[in-house]
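*Asks:* Curious how this folds, go ahead:
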Amino acid sequence: MRTILPFVLNLAAATFASATTTIDSVNKYTWGANVGWMDWRGDVASGADIGESFCSGWIYAANVGWISLGSGAPANGVRYQNNSAEDYGVNLDALGNLRGYAYGANIGWINFESIGAPMVDLVTGNFSGYAWSVNCGWISLSNAVAHVQTGTLLAVTRDDNTVLITWPLPPLHWDSDMGWILQFTTDLSTTVDWQDIAPPYGHVGGALYHFESLAPGNRFYRLHKP
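*Replies:* Reported below is the predicted structural model:
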């Protein structure tokens, strides 16, 4: 059973944030059989903004109106907790997974959950997977006709257990409760010389950590799940 948020929200009198969208001018559409095309650029000034750890801005669908991805100001400064009408939205984790809730006054909640595997490729900016709406069913973020693409978020290579972060280092956030640890090495030619770096780098909210400006020097960094 999918979680239903225990609060209600009215966007009828919502004020649109003034932030230029990060969505590509060509690759900007998602599709739902029961909702039609959804434009993630919106009116550009208020379109979707995909940040390092959370999303903000608005999606526009001709059939259902404006849909909010979040205020852009999560209460803890790192990610939306999705536990109140003031702190809801879609988060982005270190692997590009999109998780959380979007909301439209004419459509209700749109759930970005693991079963639909919605995500952003952190290298190409391409979206994939599906989001779920109780009222409208599955919404495809990528299909044979169209997809959504944002700017490159991280320069990384990755496998199932490792995210290798290459320079320049952006602001980055992760949750140690998920098993990720920050490591460094001075030699990428070896797979055994990675050393743990003890957190926190700007400790926020229990197990949430972030770093913004570790000097490059001769070090290479990665997030790793043992």
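*Asks:* In this protein, where is pLDDT below threshold?
*Replies:* 1-19, 94, 123, 152-180, 188-192, 198-221 (pLDDT under 70).
*Asks:* Can you give me the domain boundaries for this structure?
*Replies:* Domain segmentation of the chain under automatic domain parsing yields 23-150, 156-224.
*Asks:* Generate a markdown table for those, with mean neighbour count as supplementary columns.
*Replies:* Quick note: C-beta positions are derived from backbone N, CA and C, even for glycine. Formatted as a markdown table, these follow (neighbours: other CB atoms under 10 Å):
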| stretch | mean neighbour count |
| --- | --- |
| domain 23-150 | 19 |
| domain 156-224 | 14 |
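*Asks:* thought Tyr101 was touching Val90?
*Replies:* Yes. Here Tyr101 reaches Val90: they are 6.9 Å apart, a contact under CB atoms under 8 Å.
*Asks:* anything in contact with each of those two?
*Replies:* Both Tyr101 and Val90 are contacted by Phe112, under the criterion CB atoms under 8 Å, 6 or more residues apart in numbering.
*Asks:* Check which helices and strands the lengthiest strand in the chain is in contact with.
*Replies:* Using DSSP state E, we find that the single longest strand of the chain is strand 23-32. In terms of contacts (3 or more CB pairs under 8 Å, 6 or more residues apart in numbering; DSSP states H and E), strand 23-32 is packed against strand 36-39, strand 137-140, strand 148-150.
*Asks:* which other residues reach the shortest one?
*Replies:* Right, strand 148-150. 22-24, 26-30, 40, 48, 50, 120, 124-127, 141-142.
*Asks:* Over to the first one?
*Replies:* The list of residues contacting strand 36-39 from outside it, by CB under 8 Å, 6+ apart, reads 28-32, 47, 59-63, 67, 139, 146.
*Asks:* Done for today, thanks.
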